[in-house]
Structures are given as structure tokens and as C-alpha cells.
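# Give me the fold of what follows.
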Amino acid sequence: MVTFLVAFCIGMVLVGVALPWFNQYFDVDISFDYWENLSLILLLLGVGLFTGLLAGAYPAFFASGMNAIDALKGEWKRQFSGKFPRKGLIVLQFTASIVLIARTVVIWRQIQFMKNQDLHFNKENTAAISLNYENFKFQNKKQTKTALETMLHQLENETSIASIAIAESVPGKYSRNYNSFTDVDAPDQEPVSLRQLTVTNHFFSTLGIEFALGRDFSSSLASDSNAVIINEAAMKAFGLPPRCFPSLPSS
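As a prediction, the model looks like this:
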């Protein structure tokens, strides 16, 4: 019981000491106020005390039923040595330790992967601002387009802004579900499920996304309003040769 109380106090202190480092490492803002979470602390303390009492109940009951004379002679050891329960507990402890260590390693590697993986676009010094069109209460699409173009021109005149574009969402976060696409040159081919993102000109240059093949959208070409840009994974899904771009009407 004393060991639990000491460990509990050390754990509470470590939470306060490690939380700033945790927030900085994961770029989050988590706070833990001891007084505001007093009910949680008392709950954890109660669970620990109950577990300690429950763990000590079996040896106490076993010792209370022991004959004092037999205990002094050592005969109770021969009657019940506790070898099998003791070995079982040791195996259980080692198993739990191995599982916890393995999970810790997996989680650590996943965190390192997320922090160090090349996203293939430049997220530094880039701001994404969410616009809710319903709040503007435009009467039609023409008014919406005019308002967006006006906003873009005003922002482009700001010397602190290098580039600007509009998109439905940021890379990796899509507002639409998967849609099926087919290659018009291969009508017998199975449709490929892809996610799509509607963007304006300069989207790729703003995020610093490089092209393996092809070019960016161009405002001088009217046909680009219906054009699409696919990634290498989509090309492989369609089974395309390296320098073949299909027409991709949505099904």
C-alpha cells in the first residue's frame, strides 16, 4: 500500500513536469489542473487502494487459517508451496510487460513516421483559412465567384503574401467521398475509386508541389476548367505507362 501511494505521488509529479515537453513535442495544448481534476485523482486513488486491499486479502485469509504450530515447524510450506500460482503470476507479468513495451515501440515509430515523413508539399509558412460560403449568403454562383476573385486580388496585393490559391480542403483532408472513374480509352477496365479535390490556379505552386510529368493548370486555357491532375498512385491504379495521361470522366 505504501509503495502504491509513493508511486501515485511520483506519477502526479511527473504529469506536471512532462506535460510541457509533451505539448511542445506533439504541438498540442493540453493542460491538467490538479484541483479541477480532483474527482479523477480521487477515483484513481480509490481504484489503487481497492486493488491493493484486494491483492493483500488472499495472503491474509490464507495466513489466518494457518495453524501456528505447523507454521513454526514449516509443515504448511509442504502442504501448499504456492509454486504454480507464483509461476503463473510471473508469466502474466512478463507477458504484460512485453505487450506494453511492444506497443510503446509501435506508437513511437508511428509518431516518428508522422513527424519525419515527406508530405511532398511545403507546409512551412503556409496558412489555411476555412471559408464557410453559407455565411456570405450569396444569391447565385456568379456572385460567389465575383466575391472570391475580389478577395484573391486584394490578398495578392499584400506584400507579405507570396502566393495564394483556393481549394475545397487541404491535402490529405477531402470533403468528398470516393468516386469511381474510368478510362474512356479502356471501357472494359474496372473503375478506379479515387478522391478528388477542386482547386484554383496556383494551388500546386503555392504549396510547392512538384510535377513528375505534365503541367499545372493555366488560366489562359479555357479547357483547363474541366481538366484534372492525377498523382502517380492513380496512374498505377489505371495501369498507365509512364507518359500516358487519360481522360477521366466521373461515373
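
# now the stretch 1-150 of the chain, which segments are flagged as low pLDDT?
Along the stretch 1-150 of the chain, the parts satisfying pLDDT under 70 run over 58-60, 62-86, 132-140.

# one more time with 80
In the predicted model of the stretch 1-150 of the chain, residues 1-2, 4, 25-28, 52-89, 115, 118-120, 130-145, 147-149 satisfy pLDDT under 80.

# in it, which spans are helices?
Per DSSP state H, counting those that start in this stretch, the stretch 1-150 of the chain carries helices over the ranges 2-26, 38-64, 68-73, 75-79, 83-116, 141-156.

# Is it possible to get JSON lines of those that adds distance to A227?
Yep, even glycine has a C-beta here, placed from its N, CA and C like the rest. Formatted as JSON lines, the helices of the stretch 1-150 of the chain follow (distance: least, Cβ to Cβ, whole Å):
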{"stretch": "helix 2-26", "distance to A227": "39"}
{"stretch": "helix 38-64", "distance to A227": "55"}
{"stretch": "helix 68-73", "distance to A227": "89"}
{"stretch": "helix 75-79", "distance to A227": "85"}
{"stretch": "helix 83-116", "distance to A227": "32"}
{"stretch": "helix 141-156", "distance to A227": "18"}
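
# want to throw those helices into TSV with mean neighbour count and distance to S130?
Below are the helices of the stretch 1-150 of the chain laid out as TSV (neighbours: other Cβ atoms under 10 Å; distance: least, Cβ to Cβ, whole Å):
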stretch	mean neighbour count	distance to S130
helix 2-26	11	22
helix 38-64	11	33
helix 68-73	10	74
helix 75-79	12	72
helix 83-116	10	22
helix 141-156	12	14
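
# Which one of those helices lies nearest to K173?
Proximity to K173, assessed across those by Cβ to Cβ, is greatest for helix 83-116 (14.6 Å).

# so how far is the closest one off the chain centroid?
On the basis of Cα atoms, centre = their mean, to the nearest Å, helix 83-116 sits 21 Å off its chain's mean C-alpha point.

# now that helix against helix 2-26, angle please.
20 degrees (axes from the mean of the first three to the mean of the last three Cα atoms, to 10 degrees).

# Report all helices and strands that helix 83-116 contacts.
Using 3 or more Cβ pairs under 8 Å, 6 or more residues apart in numbering; DSSP states H and E as the contact test, no helix or strand touches helix 83-116.

# if we can go back for a sec, for D185, which of the helices of the stretch 1-150 of the chain is the nearest?
Here helix 141-156 is closest among the helices of the stretch 1-150 of the chain (Cβ to Cβ), at 32.3 Å.

# Next secondary structure element downstream of the closest one?
Heading C-terminal from helix 141-156, the first helix or strand you meet, by DSSP states H and E, is strand 179-181.

# What is that next one packed up against?
Secondary-structure packing of strand 179-181 (3+ Cβ pairs under 8 Å, 6+ apart): strand 192-194.

# Show residues contacting the strand it packs on.
With Cβ atoms under 8 Å, 6 or more residues apart in numbering as the contact definition, strand 192-194 has outside contacts at 178-182, 230, 234, 237-238.

# hang on, the earlier thing: among the helices of the stretch 1-150 of the chain, which is nearest L221?
Here helix 141-156 is closest among these (Cβ to Cβ), at 17.7 Å.

# Please state the offset of that closest one from the chain centre?
Mean C-alpha position of helix 141-156 versus that of the full chain (Cα atoms, centre = their mean) differs by 34 Å.

# just stretch 191-205 next, same as before
For stretch 191-205 - counting by Cα atoms, centre = their mean - the centre lies 23 Å from the chain centre.

# And that stretch, end to end?
The straight-line separation of the ends of stretch 191-205 (Cα to Cα, to the nearest Å) is 30 Å.

# What residues of that stretch count as buried?
192, 194, 196-197, 199, 201-204 (16 or more other Cβ atoms under 10 Å).

# Likewise for stretch 222-240?
By neighbour count with 16+ other Cβ under 10 Å, stretch 222-240 contains the buried residues 228-230, 234-235, 238, 240.
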